[in-house]
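Engineer: Here is my input; please provide its structure:
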Amino acid sequence: MLDLIILSIHFFICILISIVIWRGPKDADLHSSSAETDETGPGGLICIGKEENIKKSGRITAKISGREIVVFYHNGKFHALDSRCYHEGGPLCRGEIEDINGQACIVCPWHKFKITLETGEGLYEGINPLEPSPTPQWQSKGVKQRIHKVTIDNGNIYVCPPDLSVSFDSDYFAEKYKNGGELAMQK
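Structural biologist: Purely as a prediction, here's the structure:
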């Protein structure tokens, strides 16, 4: 009888641990901050934060008209792009920045897709099989990730709302996560 009680208690504890793990914090973000704003600045630009704060954190996520973006500060420049990877919607705010052939690229934490911060191009390493001894070289897939124009004015960082007349692969996931992106997970 004592064995049955111990087994029942063990089973109950396992269920409680499973519930705690399942309902616990989701993918805690260790090196970015977030903002949700509709504060407009000069020319309809949207203020997403103070220049000094973003420089300190290195990145920030923000929502602009419901669309989640990420702004990186890297090598003295600000870069803004859709926060979800064009491939499968991975959270780019959690990716690492790598230098690839002199271009700063964010590496998606889910599938390691590489996206240039400057242009939003997707990069891949490929070979030309017609070469006698093919060596892998970085190639462009074209612009896949929507980038957003960043403006600095009076110590504030502003981002231009997206021009949706032109579409990019990342638009699908930007729309999909519009009401439940990183910012929703942090609340």
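
Engineer: nearest residue to residue 148 other than its sequence neighbours?
Structural biologist: residue 80 (3.9 Å; Cβ to Cβ, 6 or more residues apart in numbering). C-beta: built from backbone N, CA, C; applies to glycine.

Engineer: how near is the one you found to residue 49?
Structural biologist: Going from residue 80 to residue 49 by Cβ to Cβ, to the nearest Å gives 11 Å.

Engineer: Repeat that for residue 60.
Structural biologist: For residue 60, the distance to residue 49 - Cβ to Cβ - is 6 Å.

Engineer: Quick check: residue 139 is in a strand.
Structural biologist: Yes - Residue 139 sits within a strand when classified using DSSP: H, G, I helix; E, B strand; the rest coil.

Engineer: Next one: the closest residue to it other than its chain neighbours, what pLDDT does it get?
Structural biologist: Distances taken as Cβ to Cβ, 6+ apart put residue 126 closest to residue 139, at 4.7 Å, once the chain neighbours are dropped. With respect to pLDDT, residue 126 has a value of 92.

Engineer: One more: residue 187?
Structural biologist: pLDDT, residue 187: 39.

Engineer: what residues are shared contacts of residue 80 and residue 49?
Structural biologist: Common neighbours of residue 80 and residue 49, using Cβ atoms under 8 Å, 6 or more residues apart in numbering, are residue 71.

Engineer: Which stretches in the protein count as strands?
Structural biologist: All strands of the chain, identified by DSSP state E, fall at 33-36, 46-50, 59-64, 67-74, 77-82, 96-100, 103-107, 114-116, 121-126, 137-143, 147-148, 150-153, 156-159.

Engineer: Lowest average pLDDT across those strands?
Structural biologist: Lowest mean pLDDT within the strands of the chain: strand 33-36, at a mean of 54.

Engineer: Please determine how far the residue nearest to residue 148 is located from residue 98.
Structural biologist: Noted for residue 80: a distance of 18 Å to residue 98, by Cβ to Cβ.

Engineer: Which residue of these two possesses the greater neighbour count?
Structural biologist: When neighbours are counted by other Cβ atoms under 10 Å, residue 80 and residue 98 differ, and residue 80 comes out ahead with 24 against 13.

Engineer: who does the more buried one bridge with?
Structural biologist: Beta-bridge pairing for residue 80 (DSSP bridges): residue 71, residue 148.

Engineer: who's in contact with the closest residue to residue 101 other than its chain neighbours?
Structural biologist: Closest residue to residue 101 apart from its sequence neighbours, by Cβ to Cβ, 6+ apart: residue 138 at 5.2 Å. Going by Cβ under 8 Å, 6+ apart, residue 138 touches 100-101, 123-125.

Engineer: quick one: residue 138 from residue 77, how far?
Structural biologist: When residue 138 is compared with residue 77 (using Cβ to Cβ), they lie 21 Å apart.

Engineer: cool, and residue 44?
Structural biologist: Counting by Cβ to Cβ, the gap from residue 44 to residue 77 is 23 Å.

Engineer: rewinding a little: in terms of neighbours, single out the busier of residue 60 and residue 49.
Structural biologist: Counted by other Cβ under 10 Å, residue 60 and residue 49 do not tie: residue 60 has more neighbours, with 23 against 20.
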